[in-house]
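Colleague: pasting a predicted model and its sequence here:
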Amino acid sequence: MSTTTDIKGQPLDRAFLDGLLRRRLFYTPSFEIYNGVSGLYDYGPPGCALQANIIDLWRKHFILEEDMLEVDCTVLTPHEVLKTSGHVDKFADWMCKDPKNGDILRADHFVEDVLETRLRGDKEARGEKIEEKEESDAKKKKKKTKGQEAIKLDDEVVKEYESILAQIDNYNGEQLGELIKKYDLRNPATGVQPTPPVAFNLMFQTSIGPSSNLPGYLRPETAQGQFLNFHKLLEFNTGQMPFASASIGKSYRNEISPRAGLLRVREFLMAEIEHFVDPEGHKKHHRFGEVEDIELVLLDRETQLSGQTTLRKIAIGKAVKDGLVDNETLGYFLARIHLFLKKLGIDQSKVRFRQHMANEMAHYATDCWDAELLTSTGWVECVGCADRSAYDLSVHAKKTGAPLVVRERLETPKVIEELQVEIEKKKFGPAFKKDARAIETALLDTTQEQREKLAKELEENGKVILDVAGVADGKAEVGKDLLKIEFRKRTENVREYTPNVIEPSFGIGRILYSLIEHVYWSRASDGGDEARSVLSFPPAVAPTKVLVVPLSAKEEFRPLVRQVLQKLRAAGISSRVDDSSASIGKRYARNDELGTPFGITVDFQTIKDGSVTLRDRDSTRQVRADMDKIVSAIQTLVSDSKTWQDVESELPKFETQELEIR
Ligand SMILES: Nc1ncnc2c1ncn2[C@@H]1O[C@H](COP(=O)(O)OP(=O)(O)OP(=O)(O)O)[C@@H](O)[C@H]1O
């Protein structure tokens, strides 16, 4: 008989939850006895098991379901690769410095924090209710800006602030600097305005090998390894398109100000998919029909730019049809991400897909939607889903000459009439000597549009002048005697194209932490005892599936406990024994905190007839049956083929007088 009450819907006490997670060793700051390093965490046994189960589900949901090609590429990446991909020049956040105390601030977070503090002060001054989240944020970050507590703002200013906050990710460094000046934003710690933002590259630099002449980086994403192996993967896939590769591995980012525990760290596990698709034919997806009716909660670019955060629920089929989501493949993956998060136990009322604004998009992306999860720190991007177009494959192919393309034999050869460049080879070399190669390449690299202009120039002036990198003055003059640009016909038997890439990219640590917040609640006893925490992970995801508790420490219980454990092991179900002297209620409560969904009790009845009880974590209800029946019931619960209600209707209920909480 349960004597407990659920206390759900209470505001989450983040500090308390964080304490619990550290105490129960889900995760702990790395190098803590050396005072730790911010942004680095170690996972303990329940954290590792939870992470492994999330990854296992991810593998089944994506890699197995979609026949993806998994690769495991190196973390160490040579400079040249990341220079070509654009990361060396562009993978940066905006950073500013407090000239008084040397505080380093991430510019967008700084602007956001100060404006939010002012808005809160305004609400206080107007006597409006402060959201619990806002209040706990304020306490946590001690964000009261000097001299700005509870000051009423003009209505117009409130609107401006709200509009800035709605599109905070859209500002570049210069614009953030302007906002800091315009609104006189000051570091709450010193009351001083920070310096203008400068770009800070987030990659950890290193050198590979003893001679230090091969500079490199710890990869900031797993994607590049997948792109560089594209051609081999295409061959492995017998040339068939479309296909996807996938990779699970650590990535590293030297975050300016790591914060919020696992949500912004410097080393984290990523699971990334690169889906290679033919850009012709609107990036259709052959399984789109299976997901088109799935409704997603969307926050599109236009809404954010208008300063709003209104969400709308819309079927993905309609979102693609209306052009809100660019193409079927992108839409397909948004729906699959949604289904994955649902399976994981993410609270469906706390998920939204937010479209990136133009400035916010990574240098390689043409459209991007983030799956964001609502946590006690606000909405957090947990999965990015970007259309990277042909960017990465094109730049690597151009740099290395590797054929990162698809060649498809055409059933009917195509006759193409186009402007072709013909060079008078015999004269061209002697005329330009060492520059000949560069000038020829520049001419051959021209598009049809450029050739049209050049042909006209050649006709009118008897020569063309074109930009060529690396030659004197950066310009070359080529006369009519050396060059012809004319319409010619050619027959194409093979179509060659660079695939576009749709990339869903999952941060496993962020998902893991958000999930914990979503499944966390507490249970109070009727006697008014201290509330007990529960983590209601779905059985498939829970770190340990079963707690085995012998009711007594008597010798005769031991073989029975061993028998239960052996049966659970044989069924592939993870379990732990708690044979401590604590009351049975306490032992269950300790494991509710770890999210263990089921408990088996070996009691005096077991000695008589071999039956055991099975307890459900969330309802605390119990059934009783022989060991084999209980173990197979657990199997069906863990594989999600049955619910607790099904099990209760099939097996005899067990009413216990034992108090759950004592
Ligand atoms: N510092 C980090 N700590 C933990 N997870 C991260 C971090 N940076 C990125 N991720 C995870 O990797 C995923 C893909 O990375 P992506 O480059 O899209 O992130 P991002 O846009 O740089 O994130 P943010 O804007 O929050 O810095 C994110 O959705 C997130 O789950």
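Modeller: Done, it's in.
Colleague: can you give me every residue that contacts Y252?
Modeller: Contacts were defined as C-beta atoms under 8 Å, 6 or more residues apart in numbering; by that measure Y252 touches 75, 203-204, 218-220, 266-267. For glycine as for every other residue, the C-beta is placed from the backbone atoms N, C-alpha and C.
Colleague: reformat these as JSON lines; add pLDDT.
Modeller: Output for the contacts of Y252, formatted as JSON lines (pLDDT from 0 to 100):
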{"residue": "V75", "pLDDT": "98"}
{"residue": "M203", "pLDDT": "97"}
{"residue": "F204", "pLDDT": "97"}
{"residue": "L218", "pLDDT": "98"}
{"residue": "R219", "pLDDT": "98"}
{"residue": "P220", "pLDDT": "97"}
{"residue": "R266", "pLDDT": "97"}
{"residue": "E267", "pLDDT": "98"}
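Colleague: tabulate those (CSV), appending secondary structure and distance to E116.
Modeller: Converted to CSV, these look like this (DSSP: H, G, I helix; E, B strand; the rest coil; distance: C-beta to C-beta, whole Å):
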residue, secondary structure, distance to E116
V75, coil, 36
M203, coil, 30
F204, coil, 31
L218, strand, 33
R219, coil, 33
P220, coil, 28
R266, coil, 25
E267, strand, 29
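Colleague: and which of these is nearest to the ligand?
Modeller: Nearest to the ligand, judged by C-beta to the nearest ligand atom, of the contacts of Y252 is R266 at 6.7 Å.
Colleague: what does the closest one show for phi and psi?
Modeller: For R266, the backbone dihedrals (degrees, to the nearest 10) come out as phi -100, psi -10.
Colleague: could you flag which of the contacts of Y252 are buried?
Modeller: 75, 203-204, 218-220, 266-267 (16 or more other C-beta atoms under 10 Å).
Colleague: can you pull out the strands in the stretch 101-250 of the chain?
Modeller: In the stretch 101-250 of the chain, the strands defined using DSSP state E, counting those that start in this stretch lie at 104-106, 198-201, 205-207, 215-218, 243-252.
Colleague: buried set for the last one?
Modeller: Neighbour-count burial for strand 243-252 flags 243-249, 251-252 (criterion: 16+ other C-beta under 10 Å).
Colleague: do it and the ligand meet?
Modeller: No: remark: strand 243-252 sits outside contact range of the ligand, by C-beta under 6 Å from any ligand atom, the gap being at least 7.2 Å.
Colleague: neighbouring strands - and their directions - for that strand?
Modeller: Paired neighbours of strand 243-252 in the sheet (DSSP bridges): strand 69-70 (parallel), strand 267-277 (antiparallel).
Colleague: tell me which of those sits nearest to K123.
Modeller: When the strands paired with strand 243-252 are compared by C-beta to C-beta, strand 267-277 sits nearest K123, at 34.8 Å.
Colleague: and the helix or strand that the closest one is followed by, what's its mean pLDDT?
Modeller: Later in the chain than strand 267-277, the nearest helix or strand by DSSP states H and E is helix 288-291. Regarding helix 288-291, the rounded mean pLDDT is 97.
Colleague: what does helix 288-291 rub up against?
Modeller: Outside helix 288-291, the residues touching it (C-beta under 8 Å, 6+ apart) are 316-317, 320, 328-329, 331-332, 335-336, 339.
Colleague: just how off-centre is whichever helix in the chain runs longest within its chain?
Modeller: Longest helix in the chain by number of residues (criterion: DSSP state H): helix 107-126. Chain-centre distance of helix 107-126: 27 Å, with C-alpha atoms, centre = their mean, to the nearest Å.
Colleague: could you confirm whether it reaches the ligand?
Modeller: No: judged by C-beta under 6 Å from any ligand atom, helix 107-126 and the ligand are separated, with a smallest distance of 9.0 Å.
Colleague: give me the buried positions along that helix.
Modeller: Across helix 107-126, burial judged by 16+ other C-beta under 10 Å covers 107-124.
Colleague: also stretch 17-36?
Modeller: By neighbour count on 16+ other C-beta under 10 Å, the buried set for stretch 17-36 is 17-18, 20-22, 24, 26-27, 29-30.
Colleague: before we move on, what about stretch 604-613?
Modeller: In stretch 604-613, counting by 16+ other C-beta under 10 Å, buried: 606, 611-613.
Colleague: and these, which is closest to I63?
Modeller: Nearest to I63 among the buried residues of stretch 604-613, with distances taken as C-beta to C-beta, is V612, at 36.9 Å.
Colleague: sec struct for the closest one, please.
Modeller: V612 falls in the strand class when you classify it by DSSP: H, G, I helix; E, B strand; the rest coil.
Colleague: looking at the contacts of helix 288-291, which is nearest G225?
Modeller: Distance to G225 across the contacts of helix 288-291 (C-beta to C-beta) is lowest for T329, with 21.6 Å.
Colleague: contacts only, for the closest one.
Modeller: By C-beta under 8 Å, 6+ apart, T329 lies in contact with 242, 275, 277, 283-285, 288, 502.
Colleague: write the ChimeraX selection for whichever of the residues you listed are buried.
Modeller: To isolate the buried ones among the contacts of T329 in ChimeraX, judged by 16+ other C-beta under 10 Å, type:
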select :242,275,277,283,285,288,502
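Colleague: which one of the contacts of T329 is nearest the ligand?
Modeller: Nearest to the ligand among the contacts of T329 is I502, at 13.4 Å by C-beta to the nearest ligand atom.
Colleague: state the mean pLDDT of the one helix or strand that closest one maps to.
Modeller: For I502, the element it lies in under DSSP H and E is strand 500-507. Strand 500-507 shows a mean pLDDT of 97.
Colleague: helices and strands around that strand, which ones?
Modeller: Applying 3 or more C-beta pairs under 8 Å, 6 or more residues apart in numbering; DSSP states H and E, one finds that strand 500-507 contacts helix 223-228, strand 267-277, helix 328-344, strand 378-389, helix 391-400.
Colleague: that one and the ligand, any residue contact?
Modeller: Yes: against the ligand, strand 500-507 shows contacts by C-beta under 6 Å from any ligand atom at 505, 507.
Colleague: strand partners of that strand, parallel vs antiparallel please.
Modeller: Partners of strand 500-507 in its sheet, by DSSP bridges: strand 267-277 (antiparallel), strand 378-389 (antiparallel).
Colleague: name the next helix or strand following it along the chain.
Modeller: helix 508-519.
Colleague: quick one: strands adjacent to the helix or strand following that next one?
Modeller: Downstream of helix 508-519, the first helix or strand assigned by DSSP H and E is strand 520-525. Sheet pairing for strand 520-525, assigned by DSSP bridges, gives strand 4-7 (antiparallel), strand 532-535 (antiparallel).
Colleague: least confident of those, on average?
Modeller: Note on the strands paired with strand 520-525: strand 4-7 shows the lowest mean pLDDT, a mean of 52.
Colleague: roughly how far does the residue lying closest to L269 once chain neighbours are set aside sit from the ligand?
Modeller: Spatial nearest neighbour of L269, chain neighbours left out: I508 (4.2 Å); criterion: C-beta to C-beta, 6 or more residues apart in numbering. Plainly put, I508 is 8 Å away from the ligand if you go by C-beta to the nearest ligand atom, to the nearest Å.
Colleague: okay, now the closest residue to the ligand within the chain: neighbour count?
Modeller: As assessed by C-beta to the nearest ligand atom, the ligand sits closest to G507 within the chain, at 2.0 Å. By the criterion of other C-beta atoms under 10 Å, G507 has 24 neighbours.
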